[in-house]
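Engineer: coordinates only, sequence not included:
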Ligand SMILES: [Zn+2]
């Protein structure tokens with residue numbers, strides 16, 4: 001495998017390709033994980049998760065294995081590099 005998968009956050013087709021572990025498209029990235037609006041509304045759930053599901057393959061992909069591209073650059077670059 002050659003590194004990480006890029007998701008273009010402003011790209012509609014990328015947003016359709018990736019869903020939260022419960023299958024919603026209402027997720028948003030945060031600094032170290034993801035958050036899903038619909039999951040957050042469910043009883044007993046805080047809506048936070050660490051993997052996105054690739055609808056094509058059905059696989060869950062860890063946050064660490066994803067690159068999140070925004071119109072102003074990589075999402076992760078905001079928090080500095082390790
Ligand atoms: Zn969800």
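Structural biologist: Sure, I can see it. The shown structure was predicted, so the numbers you read here are calculated from the model rather than taken from an experiment.

Engineer: What parts of this protein come near the ion?
Structural biologist: 20, 22, 24, 36, 38, 39 (C-beta under 5 Å from the ion). Where C-beta positions appear, they are placed from N, C-alpha and C, glycine not excepted.

Engineer: show me what contacts the second one?
Structural biologist: The reference is to residue 22. By C-beta atoms under 8 Å, 6 or more residues apart in numbering, the contact set of residue 22 is 36, 38, 39.

Engineer: What of the fourth one?
Structural biologist: Neighbour list for residue 36: 20, 22, 24, 26, 27, 28, 47, 49 [criterion: C-beta under 8 Å, 6+ apart].

Engineer: May I have the beta-bridge partners of it?
Structural biologist: For residue 36, the beta-bridge partners under DSSP bridges are residue 27.

Engineer: What score does it have for pLDDT?
Structural biologist: As predicted, residue 36 sits at a pLDDT of 96.

Engineer: tell me the SS of residue 68?
Structural biologist: strand (DSSP: H, G, I helix; E, B strand; the rest coil).

Engineer: list the contacts for the closest residue to it other than its chain neighbours?
Structural biologist: Among residues not flanking residue 68 along the chain, residue 75 sits closest, at 3.7 Å (C-beta to C-beta, 6 or more residues apart in numbering). For residue 75, the contacting residues are 9, 29, 68, 69, by C-beta under 8 Å, 6+ apart.

Engineer: roughly how far apart are the second one and the ion?
Structural biologist: With distances taken as C-beta to the ion, to the nearest Å, residue 29 is found 13 Å from the ion.

Engineer: Please apply the same query to the last one.
Structural biologist: From residue 69 across to the ion, the span is 22 Å (C-beta to the ion).

Engineer: neighbours around the residue found closest to that residue once you drop the neighbours it is linked to in the chain, how many?
Structural biologist: The shortest distance from residue 69 to any non-neighbouring residue, by C-beta to C-beta, 6+ apart, is to residue 8 (4.8 Å). Per other C-beta atoms under 10 Å, the neighbour tally for residue 8 reads 14.

Engineer: If anything else comes up later, I'll come back, but that's it for now.
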